[in-house]
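Trainee: Following is a predicted model, sequence given first.
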Amino acid sequence: MNSLLPSRGTLTVRLTHMEGRLLLAGATVEVLNRGERYTTDRNGTVRITLPAPPRALSLQPNPPTRPYAVYDIRVTVSGYVPVTVYGIHIFDGIGSLWTYNMIRVDDAESAEETRINVPPHRRAVLPPYGGDAATAAVPAMNGAPSSARPVIVPEMVTVHLGLPGSDAVNVTVPFVEYIKSVASSEVFPTWPRESLLSNIHAEATLVMNRIYTEWYPSQGYDFDVSASPAFDQYYVHQREVFDTIDVLVDEYFNYYIGRKGFVEPIFAQFCDGRQSACSGLSQWGTVDLAAMGYTAIDIIRYYYGQNTELRTAELAKSLPDSYPGSPLTMGSSGEDVLRVQNRLNRIAINYPAIPFITIAEGNYGAETARSVRSFQQVFGLPVNGTVDEDTWYRIIYIYNAVKRLGELESEGEEVQSGAYPGNEVRIGDRGPNVLRLQWYNNAIARSNQFPQLRVIDLDGIYDNETAEAMRTLQALLGLPQTGVVDKATWDAVTRLYNEVGEIGTDDEYYGGEISGWPRPYPGAPVRRGATGDTVYYIQDLINAINSGNSAVPRVARDGIFGAETQAAVIAFQNAYGLASDGIVGPLTWEKLNAEYGMLPSVG
């Protein structure tokens, strides 16, 4: 039937052996659909021209028929394990490239034929993506020392071929080949160059975000990214790639999208833009914009904001483990200590049982040890005041959660120092500096030593309420009552906070009404049919979150994980960009804890 197709594409097969070191000539390549046989040349290569549907079909979102042809090939050569590939895609005018390292029978565990299945292209069969984050990015702090990690591109990346919590296998592949597979699976290779390039930038940026934030290692997983588009992006192991994509990835694989004033690669969320929608890049929309003359950076800014820019990441032979190799303790100093201090200070805004480190300057003193002990106590770790490997990665995971670095509209990665930020804080400002001032105000007010002070909302927005609170503090401290926080006000408020010394939790705020919050993950997913204290805890979190987000419905507090609780969990997952399976696994559990912790009050 394919012989009736009006157009043509090509398939190039490249065979190697000895782990890719040598080319394999003389191998037979059979196109099973057509009964045709070819032989690889001295370069281990054979190029085959095959019928394909018209190119125009792949440039429209809902074509009347599949926009590519599908072929199966079998490769055989004496002394080597045969391999059959099912489902290779051939597009009109596009070269499909399939590279494979043949295994000698003597070196293989089995001589049985290897079978590779290439599923339908994601643009032809599309499950919907999850929801989107809703938090806006905030301005960077000025004048503070940087302790952020460099953004790197490792030579190899480890991919989990399934959902993060599944028992699927891990594969370690070259970073460049990973991006080529993702791009070949996510978009059609016939799209305009600038459309393809903007999608490749988004795909490379998304995995660099996962690597930079140590998203999966910080949760105890032994991989960098999953192959699931519900959590990350679509990766098909050992699939063919397309020449238009191959060339672009080779040139641009180490470029990523960042926001001006911030360090990290953004979580470059994307969706198809026709069958599913999100607040990130629309894949089909990039085709329309490219046709209008938009360049790749124009398209990126159209979808991710005018404050985005393209940067190049450092190339690394391997992916370094961020843990310094030995515990940090009293007397330690340097960049690793500064990273811990900055992260703990940001976490403290959401978890007030953890005291601020007043001046984060990279020296591990008594104040840092006190903050570490409080963190360990809150999150169920051995309380020793030392940052060992477990504490290090737990800090990273909670920091990522409260900063939403794994979401498109995150706060961004910047420094959380206690020092004056270098510019006045006033009405209209928002971000971590404002959050710190609000937290200081509330800590001082709850000391009950100053009845003229009152507790205000912790929302990171410097509004009239916050300005009035600052004027009250300025009056108390004998400063001009301007409502603008200059250096004198900042330093005086910080000193007063330290004198008050409130470092404990108050049962009337930030989760005090839920016993034991934040509880550690129970060790196994909680799903429909479960009963008992853990379900009560989940129901309490859901009902509290409902007070700030009506998209999450209230449930009956009965300790039974029934249909009503399952529906509420799905609503929560949809509202906060998680896979909506109705099961409380480790990601949903931590997100419930984190969102509850961000409530200004619980009533």
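Mentor: Ah, there it is.

Trainee: Name the spans of the stretch 251-400 of the chain whose pLDDT lies under the cut-off.
Mentor: When residues are selected by pLDDT under 70, those of the stretch 251-400 of the chain lie in 317-321, 352, 359.

Trainee: which residues of the chain fall in helices?
Mentor: 175-186, 193-213, 243-252, 283-291, 296-304, 335-350, 366-378, 389-403, 432-445, 464-476, 487-500, 533-546, 563-575, 586-597 (DSSP state H).

Trainee: Which strand in the protein has the most residues?
Mentor: Criterion DSSP state E: the longest strand present in the chain is strand 7-17.

Trainee: Give me the phi and psi angles of Arg528.
Mentor: phi -50, psi 130 (degrees, to the nearest 10).

Trainee: Give the burial count for the nearest residue to Phe188 once chain neighbours are set aside, as a bare number.
Mentor: Using C-beta to C-beta, 6 or more residues apart in numbering and skipping residues adjacent in sequence, the residue nearest Phe188 is Ser58, 4.3 Å away. C-betas here are computed from N, CA, C, even on glycine. Residues lying near Ser58 (other C-beta atoms under 10 Å) number 25.

Trainee: for Ser58, what are its contacts?
Mentor: Shown in contact with Ser58 (C-beta atoms under 8 Å, 6 or more residues apart in numbering): Pro67, Tyr68, Phe91, Asp92, Phe188, Thr190, Trp191.

Trainee: Kindly recompute the last result at 10 Å.
Mentor: Counting by C-beta atoms under 10 Å, 6 or more residues apart in numbering, Ser58 makes contact with 52, 66-68, 91-94, 121, 123-124, 187-191, 287.

Trainee: how close does it get to Ser218?
Mentor: 39 Å (C-beta to C-beta, to the nearest Å).

Trainee: now stretch 351-366, how far from the centre of its chain.
Mentor: Centroid displacement of stretch 351-366 relative to its chain, using C-alpha atoms, centre = their mean, to the nearest Å, is 27 Å.

Trainee: now do the same end-to-end measure for it.
Mentor: Length of stretch 351-366, first residue to last, C-alpha to C-alpha, to the nearest Å: 20 Å.

Trainee: try stretch 50-57
Mentor: So stretch 50-57: terminal residues 17 Å apart, C-alpha to C-alpha.

Trainee: Which positions within that stretch qualify as buried?
Mentor: Residues Leu50, Pro51, Ala52, Pro53, Arg55, Leu57 are the ones in stretch 50-57 that count as buried (16 or more other C-beta atoms under 10 Å).

Trainee: Make sure Leu24 is actually in contact with Leu15.
Mentor: Yes - with contact defined as C-beta atoms under 10 Å, Leu24 counts as touching Leu15 (4.1 Å).

Trainee: any residues in contact with both of the two?
Mentor: Listed as contacting both Leu24 and Leu15 by C-beta under 10 Å, 6+ apart are Thr40, Asn43, Gly44, Thr45, Val75, Val77, Tyr80, Tyr100, Asn101, Met102.

Trainee: how far away is Leu57 from Leu196?
Mentor: For Leu57, the distance to Leu196 - C-beta to C-beta - is 17 Å.

Trainee: Ala291 now?
Mentor: Ala291 is 13 Å from Leu196, by C-beta to C-beta.

Trainee: which of those two has more neighbours?
Mentor: Neighbours were tallied for Ala291 and for Leu196 using other C-beta under 10 Å; the higher tally belongs to Leu196 (25 against 13).

Trainee: The more buried one: what's it in contact with?
Mentor: Leu196 is in contact with 183, 187-190, 242, 244-245, 247-249, 286-287, 290, 296, counting by C-beta under 10 Å, 6+ apart.

Trainee: Please report how far it lies from Ala290.
Mentor: As judged by C-beta to C-beta, Leu196 and Ala290 stand 8 Å apart.

Trainee: where do the contact lists of the two overlap?
Mentor: Common contacts of Leu196 and Ala290 (C-beta under 10 Å, 6+ apart): Ala296.

Trainee: tell me, how many neighbours does Asn350 end up with?
Mentor: Neighbours of Asn350 (other C-beta under 10 Å): 25.

Trainee: hang on, it packs against Glu590?
Mentor: No - Asn350 lies out of contact with Glu590 (C-beta under 10 Å); the separation is 11.9 Å.

Trainee: any residues in contact with both of the two?
Mentor: Common neighbours of Asn350 and Glu590 (criterion: C-beta under 10 Å, 6+ apart): Ile398, Ala401, Pro518.

Trainee: so who does the first one touch?
Mentor: Okay, so that is Ile398. For Ile398, the contact set (C-beta under 10 Å, 6+ apart) comprises 218, 343-344, 346-347, 350-351, 354, 375, 378-379, 518, 590, 593-594, 597.

Trainee: State the distance from it to Ser322.
Mentor: From Ile398 to Ser322 the distance is 15 Å (C-beta to C-beta).

Trainee: next one: the second one
Mentor: When distance is defined by C-beta to C-beta, Ala401 is 17 Å away from Ser322.

Trainee: When the two are compared, which one has more neighbours?
Mentor: Ranked by neighbour count (other C-beta under 10 Å), Ala401 and Ser322 place Ala401 first, with 21 against 15.

Trainee: For that one, which non-adjacent residue is spatially closest?
Mentor: Nearest to Ala401 is Ala594, by C-beta to C-beta, 6+ apart, at 4.5 Å.

Trainee: again with Ser166
Mentor: His160 (7.7 Å).

Trainee: give me every residue that touches the nearest residue to Arg394 once chain neighbours are set aside.
Mentor: Setting aside the residues directly before and after it, Arg394 is nearest to Phe379 in space (C-beta to C-beta, 6+ apart), at 5.7 Å. Residues in contact with Phe379 (C-beta under 10 Å, 6+ apart) are 347, 351, 354, 390-391, 394-395, 397-398, 518-520, 593.
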